[in-house]
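Colleague: here is a sequence with its predicted model. Questions after.
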Amino acid sequence: MGKRSGAAVKVTPTVYVSVDVEADGPIPGPYSMVSFGAVVAGWHDADGFRRSGNVESSGFYRELRPVSDTWVPEALAVSGLDRAALLAGGTEPGVAMRAFTGWLEQSRTGPDGRRYRPVMVGYPAVYDWQFLYWYLVRFTGSSPFGHSGCLDMKTLYAARAGVPFAGIGKRSMPGELLPGLPHTHHALDDAREQAVLFANLMEWEGPELSG
């Protein structure tokens with residue numbers, strides 16, 4: 001996805017960070033984020049998009065101590081994590097979020113040595129974003145992504161493919177877009193898988209036209 005012709009527009013160099021969250025309920029506060037993983041998906045500036053070359057060997061991951069006494073057993077079971085083990089040995093949320101902001105600060109330096117603004121990407125982003133943003137503000141006082149630095153991959157696909165948003169799923173996407181990485185519900189594995197999907201979407205030329 002390279003330069004676009006036409007009137008000049010302001011370009012803010014951006015680093016896209018794929019984030020996956022596992023939680024024990026539907027919303028943060030009453031329920032807890034039990035783990036999250038993050039990996040740089042790529043960099044985007046006036047010269048176009050460049051995918052990260054080390055998605056499978058880099059990233060950030062933490063398992064967290066729950067913040068409430070309520071949880072949905074079915075939601076927790078998705079992650080495969082044990083609540084008693086998290087209560088006993090999970091990272092204190094403030095410590096985890098400060099470590100994450102430190103990792104993110106380092107990730108803002110691109111391969112060219114320039115500084116890039118971080119934007120979170122997710123599939124779908126709305127669930128993961130609400131937990132990540134709440135935890136960042138609650139435990140560090142602010143979000144390095146701002147209040148809206150989030151890009152949803154399902155929305156990106158709908159716009160690029162020219163199809164309605166409703167009903168979009170990975171099974172409805174062309175095979176060439178899908179990453180060859182497993183979806184394990186381990187947050188770092190899934191963040192890596194999503195990073196490849198995002199890069200594929202950014203480089204995709206769109207659906208083939210028939211007729």
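Modeller: Yep, that arrived.
Colleague: where does this structure have low pLDDT?
Modeller: Residue ranges of the chain with pLDDT under 70: 1-7, 209-211.
Colleague: mind listing the helices for it?
Modeller: For the chain, the helices defined by DSSP state H cover 73-79, 83-89, 93-107, 125-140, 153-161, 187-203.
Colleague: doesn't Met153 make contact with Phe165?
Modeller: No. If you go by CB atoms under 8 Å, Phe165 and Met153 don't touch, sitting 11.6 Å apart. For the C-beta atoms, the positions are set from N, CA and C on the backbone; glycine is no exception.
Colleague: ok, these two, which is more surrounded?
Modeller: Comparing Phe165 with Met153 by neighbour count (other CB atoms under 10 Å), the higher total belongs to Met153, at 24 against 11.
Colleague: circling back: just the helices of the chain: most buried one?
Modeller: Neighbour counts (mean count of other CB atoms under 10 Å) averaged over each of the helices of the chain peak at helix 187-203, with a mean of 23.
Colleague: in its sheet, which strands sit next to the longest strand seen in the chain, and in what direction?
Modeller: Longest strand in the chain, counting residues (DSSP state E): strand 33-45. Here strand 33-45 is paired, per DSSP bridges, with strand 14-23 (antiparallel), strand 48-51 (antiparallel), strand 60-63 (antiparallel).
Colleague: and of those, who's closest to Asn200?
Modeller: Checking the strands paired with strand 33-45 against Asn200 by CB to CB gives strand 48-51 as the closest, at 8.5 Å.
Colleague: the closest one: how far from the chain's middle?
Modeller: Per CA atoms, centre = their mean, to the nearest Å, the displacement of strand 48-51 from the mean C-alpha position of its chain is 17 Å.
Colleague: and it, which residues are buried?
Modeller: Residues of strand 48-51 classed as buried: 49-51 (neighbour count, 16 or more other CB atoms under 10 Å).
Colleague: go on, stretch 37-53?
Modeller: For stretch 37-53, burial by neighbour count (16+ other CB under 10 Å) applies to 37-45, 49-52.
Colleague: now swap in stretch 22-37 and tell me
Modeller: Neighbour-count burial for stretch 22-37, counted by 16+ other CB under 10 Å, picks out 22-25, 28, 31-37.
Colleague: can you give me every residue that contacts the nearest residue to Pro182 once chain neighbours are set aside?
Modeller: Using CB to CB, 6 or more residues apart in numbering and skipping residues adjacent in sequence, the residue nearest Pro182 is Asp189, 6.3 Å away. By CB atoms under 8 Å, 6 or more residues apart in numbering, the contact set of Asp189 is 37, 181-183.
Colleague: I'd like the distance between Asp189 and Tyr61.
Modeller: According to CB to CB, to the nearest Å, Asp189 and Tyr61 sit 9 Å apart.
Colleague: joint contacts of these two?
Modeller: Between them, Asp189 and Tyr61 share these contacting residues under CB under 8 Å, 6+ apart: Gly37.
Colleague: ends of stretch 174-182, how far apart?
Modeller: Stretch 174-182 has its terminal residues 17 Å apart, counting by CA to CA, to the nearest Å.
Colleague: likewise for stretch 23-32?
Modeller: With CA to CA applied, stretch 23-32 spans 6 Å between its terminal residues.
Colleague: hmm, who's touching it?
Modeller: Applying CB under 8 Å, 6+ apart, the contact partners of stretch 23-32 are 33-34, 64, 66-68, 70-72, 75-76, 79, 83, 127, 130-131, 134-135, 138.
Colleague: nice, that's everything, thank you.
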